[in-house]
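**Q** the following comprises the amino acid sequence and a computationally predicted model.
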Amino acid sequence: MQAFARKGFQLRTASIETRITYTGFLLLMLPGVASFIALSLGRMGFSPQSIATYYRGGESEMSFPKTFWQLTEVSHFHLFTIPVVALILSHLLYGTTASTRARIGLTSVIYTGALLDVIGPWAVRYGSGTCAYLLLLGWVLLAVGLSATVVFTLLAMWLPGREDKS
């Protein structure tokens, strides 16, 4: 971690053991993102109507509205894990040659998606079924932001390229 404190640090120039460690983490993030997508879509579907029915209940599918404690349990898990993953991935991204604008952009996409992922179920259940659009947007932002950050960081760490001498 001390290496990140040095001005101009690049993952590409990190020791092989550091790059292998980060690569292992990043490669395991890919099935993590895939499972996030599979669970979200497999449980609820990709339509705002099916998401609203999942959280608000519905007679057509004989489903019951999610309780306050069910939503609290999901929020508890997400609030402890997603910010840590976002922090680690953003931190690694900042050790690449990506422009400041790209790094801030991807980081913002991830955190916006995470925020919508956490508040979306509550908004759908206790607000309006149309808030399912926000939840869908959160899933897309989170999946795209996490995936892009993982792929870009891996490529920047291992592919040959110009060294940043800043």
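**A** Looks like it arrived, so ask away.
**Q** alpha carbons only for contacts and neighbour counts from here, please
**A** Will do.
**Q** quick one, longest helix in this structure?
**A** helix 16-44 (DSSP state H).
**Q** mean confidence score for it?
**A** Averaging pLDDT along helix 16-44 gives 91.
**Q** what's the next helix-or-strand element following that helix in contact with?
**A** Note on helix 16-44: by DSSP states H and E, the next helix or strand toward the C-terminus is helix 48-56. Residues external to helix 48-56 that are found in contact with it (Cα atoms under 8 Å, 6 or more residues apart in numbering): 44-45, 63-66, 121, 124-125, 129-130, 132-133, 136.
**Q** got a pLDDT number for the spatially most central residue of the chain?
**A** Nearest to the mean C-alpha position of the chain, by Cα atoms, centre = their mean, lies Leu142 at 3.9 Å. pLDDT, Leu142: 95.
**Q** ok, the one 5 residues further on next?
**A** Confidence per residue is given as pLDDT, and for Ser147 that number is 95.
**Q** name the SS class of it, please.
**A** Following DSSP: H, G, I helix; E, B strand; the rest coil, the label given to Ser147 is helix.
**Q** what is the one helix or strand Val144 maps to packed up against?
**A** In the assignment (DSSP H and E), Val144 maps to helix 132-158. For helix 132-158, the elements it packs on are helix 16-44, helix 48-56, helix 68-93, helix 100-126, judged by 3 or more Cα pairs under 8 Å, 6 or more residues apart in numbering; DSSP states H and E.
**Q** which among the ones you listed is found nearest to Gln10?
**A** For the helices and strands packed on helix 132-158, proximity to Gln10 was assessed by Cα to Cα; helix 68-93 is nearest, at 9.4 Å.
**Q** how far does that closest one sit from its chain's centre?
**A** Averaging C-alpha positions (Cα atoms, centre = their mean, to the nearest Å) puts helix 68-93 9 Å from its chain's average.
**Q** next up, the contacts around Leu89.
**A** Leu146, Thr149, Val150.
**Q** out of the residues you listed, which is nearest to Leu93?
**A** Distances from Leu93 to the contacts of Leu89, taken by Cα to Cα, are shortest for Thr149, at 6.5 Å.
**Q** measure the spatially closest residue to Tyr94 that is not a sequence neighbour to Leu93 for me?
**A** Nearest residue to Tyr94, sequence neighbours excluded (Cα to Cα, 6 or more residues apart in numbering): Arg103, at 6.5 Å. In this view, Arg103 and Leu93 are 7 Å apart by Cα to Cα, to the nearest Å.
**Q** for Ser108, same thing?
**A** The value you get for Ser108 to Leu93, if Cα to Cα is used, is 12 Å.
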